[in-house]
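Colleague: Based on what follows, work out the 3D shape:
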Amino acid sequence: MKKANQRINSELFGILLFIISTAFALYLAFNLDQVSGIAAESSGISFIFVIYYIVFIVIFTAAALYIIKKHAKVMKAIFIVLVLYMIFLVSSIVAGIVAVNLPEYYAIIAIVTGFFAYMLVFRNEWYITDAAGLIMISGAAAILGILLRPYIAITLLVVFAVYDYISVYKTKHMVTLAKAAIDNQFPLMFTLPSQGGMKIKDLTFDNRGTHSVIMLGFGDMAIPELLIISSAIYNPLHVALFIALTLAGALCALGFLFFFNHGKPAPGLPYINTGVIIGFLIAFAVVAI
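Modeller: Purely as a prediction, here's the structure:
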């Protein structure tokens, strides 16, 4: 009973992170949408983007797995740099919104990026990685969500759901990457502990169940959020409806994923992407009636 309650704490934490990340992504997206040229840029993106994106992910993942075998520390440094770049980008967006002068603008960027650079390199803990991941995926979802129209976003979600299923259950290379990420403390996954006293140095892929920890990849939140952002941006007359139903679909699917997968690696995107797409289709049907 105690273990079940601990797992519920982790699951609720994951759902809360998804809600916070979506809210932050929407905040960024609505402000970015006011920037001139964004709409014109989005109109030029076609289904070819989906092909380019999935090919890039496959090649990058293959390269990462190859490097990890011999140079895990090098790959960790690469991942940290990529996360810090997105934090720099997001902090510059936020600074552009809230800063009243240039010194304040640069100070916000320097403080936020500098803080995460120091913590990720020298004093990393699970909550630092979670916070960095939340900023990173919110920025990525906001930017791509603006650029991708809903029908292209849905195509991307379907393709990634299939890819995630294959990479976990067939080729299993995503399981290999997840194991390397947890054992080497790569900033690639959300750590959802049942209690706050756990140290990241004590966590491994094999003992995560002992610590009552649920792990969720950054992409498992970022990719479904694309459709939430896209549907909100491109349906301004019914923005609240599309946000509510797409988010509800994602959260129901996330709960379903947690409930039916205990202690074994499972692909998150087939569940969450399906939920968010169903939520979008329901909202679309309501509007069309």
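Colleague: Could you verify my assumption that residue 76 touches residue 182?
Modeller: No: using Cβ atoms under 8 Å, residue 76 makes no contact with residue 182, being 12.0 Å away. Every C-beta, even on glycine, is put in place using the N, C-alpha and C of the backbone.
Colleague: Now name the helix or strand holding the nearest residue to residue 84 once chain neighbours are set aside.
Modeller: In space, and not counting its chain neighbours, residue 84 is closest to residue 117: 5.5 Å by Cβ to Cβ, 6 or more residues apart in numbering. Assigned by DSSP states H and E, residue 117 falls within helix 102-122.
Colleague: Could you list the buried residues of that helix?
Modeller: In terms of neighbour count (16 or more other Cβ atoms under 10 Å), helix 102-122 has its buried residues at 105, 108-109, 112-113, 116-117, 119-120.
Colleague: Now do it, average pLDDT.
Modeller: Summarised as a single mean, pLDDT over helix 102-122 is 96.
Colleague: Mind naming the longest helix for this structure?
Modeller: helix 2-32 (DSSP state H).
Colleague: who does that one touch, helix- and strand-wise?
Modeller: Applying 3 or more Cβ pairs under 8 Å, 6 or more residues apart in numbering; DSSP states H and E, one finds that helix 2-32 contacts helix 72-98, helix 126-147, strand 189-193, strand 213-217, helix 218-233, helix 239-260.
Colleague: Can you say which of those is packed in most?
Modeller: Neighbour counts (mean count of other Cβ atoms under 10 Å) averaged over each of the helices and strands packed on helix 2-32 peak at helix 218-233, with a mean of 26.
Colleague: Please work out the angle formed by the directions of that helix and helix 72-98.
Modeller: Angle between the axes of helix 218-233 and helix 72-98 is 20 degrees (criterion: axes from the mean of the first three to the mean of the last three Cα atoms, to 10 degrees).
Colleague: I'd like the average pLDDT over helix 218-233.
Modeller: The average of the pLDDT scores along helix 218-233 is 95.
Colleague: swap in stretch 184-193?
Modeller: Mean predicted confidence for stretch 184-193 is 90.
Colleague: so who does the residue nearest the centre of the chain touch?
Modeller: Geometric centre of the chain, nearest residue: residue 222, 2.9 Å, by Cα atoms, centre = their mean. By Cβ atoms under 8 Å, 6 or more residues apart in numbering, residue 222 lies in contact with 136-137, 140-141.
Colleague: same deal with residue 32?
Modeller: Counted by Cβ under 8 Å, 6+ apart, residue 32 has contacts 38, 93, 142-143, 146.
Colleague: go with 10 Å
Modeller: Residues near residue 32 by Cβ atoms under 10 Å, 6 or more residues apart in numbering: 38, 93, 96-97, 139, 142-143, 145-147, 229, 233.
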